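1. Requesting a structural model of the entry that follows:
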Amino acid sequence: MSLIRLTDPDFRVCEISLDTLLVIQTEAEARGWATRWSSAGALRSQVREGVVVVRPLMREERGGVVQAYRCLLLFAVAGDQNAGGVATIDIAPERLESLERIDRDPVVRRALARMFSLASGGISMISKA
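-> Model (predicted):
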């Protein structure tokens, strides 16, 4: 798998619904991909209804053809009004291409890339000294 950089043509940031995430989960299960939730029920127990933000992190290629994108997901955690979660899931190239992008402006693109970088590295509430 190769990393996807901000300057790569397949870098994108998309917003999806929980229903779309459940479709992606079902597709990942059907394809036997390991990077997914164990079940749709497990997904529903962890992801709260609302917008989920998606960013491809890596691409899996065979014979020069992308087979899947390993994507980061940023979402509201079920059962906690203030917590967010970050997880990964594999998405088929045709599905990823069909998702609506929110990163067309270069400044927004960089800001969203930075947001994912901070979120995946861990965010802590701190007391100001």
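2. make it CA atoms for all contacts and neighbour counts henceforth
-> Will do.
3. For the lowest-mean-pLDDT helix or strand in the chain, buried residues please.
-> When each helix and strand of the chain is scored by mean pLDDT, DSSP states H and E, helix 106-121 comes last, with a mean of 89. Neighbour counts over helix 106-121 (16 or more other C-alpha atoms under 10 Å) mark 109, 112-113, 116, 119 as buried.
4. Can I get that helix in CSV, CA atoms only?
-> Taking C-alpha atoms only, helix 106-121 is exported to CSV below (Å, rounded to 0.1, in the frame of the first residue of the first chain):
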residue,chain,number,x,y,z
PRO,A,106,-6.9,24.6,-2.1
VAL,A,107,-7.0,26.4,1.2
VAL,A,108,-9.8,24.2,2.5
ARG,A,109,-8.0,21.1,1.2
ARG,A,110,-4.9,21.9,3.2
ALA,A,111,-7.0,22.7,6.3
LEU,A,112,-8.9,19.4,6.1
ALA,A,113,-5.7,17.5,5.6
ARG,A,114,-4.2,19.1,8.7
MET,A,115,-7.4,18.4,10.6
PHE,A,116,-7.1,14.6,9.8
SER,A,117,-3.4,14.7,10.7
LEU,A,118,-4.2,16.1,14.1
ALA,A,119,-7.2,13.8,14.7
SER,A,120,-5.3,10.7,13.8
GLY,A,121,-2.3,11.7,16.0
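5. now for that helix, which elements pack on it?
-> strand 65-76 (3 or more C-alpha pairs under 8 Å, 6 or more residues apart in numbering; DSSP states H and E).
6. quick check: mean pLDDT across the strand it packs on?
-> The average pLDDT within strand 65-76 is 95.
7. likewise stretch 43-59?
-> On average, the pLDDT along stretch 43-59 is 95.
8. what helix or strand is Leu22 on?
-> If you go by DSSP states H and E, Leu22 is part of helix 18-31.
9. the inter-axis angle of that helix versus strand 65-76?
-> Counting by axes from the mean of the first three to the mean of the last three C-alpha atoms, to 10 degrees, helix 18-31 lies at 140 degrees to strand 65-76.
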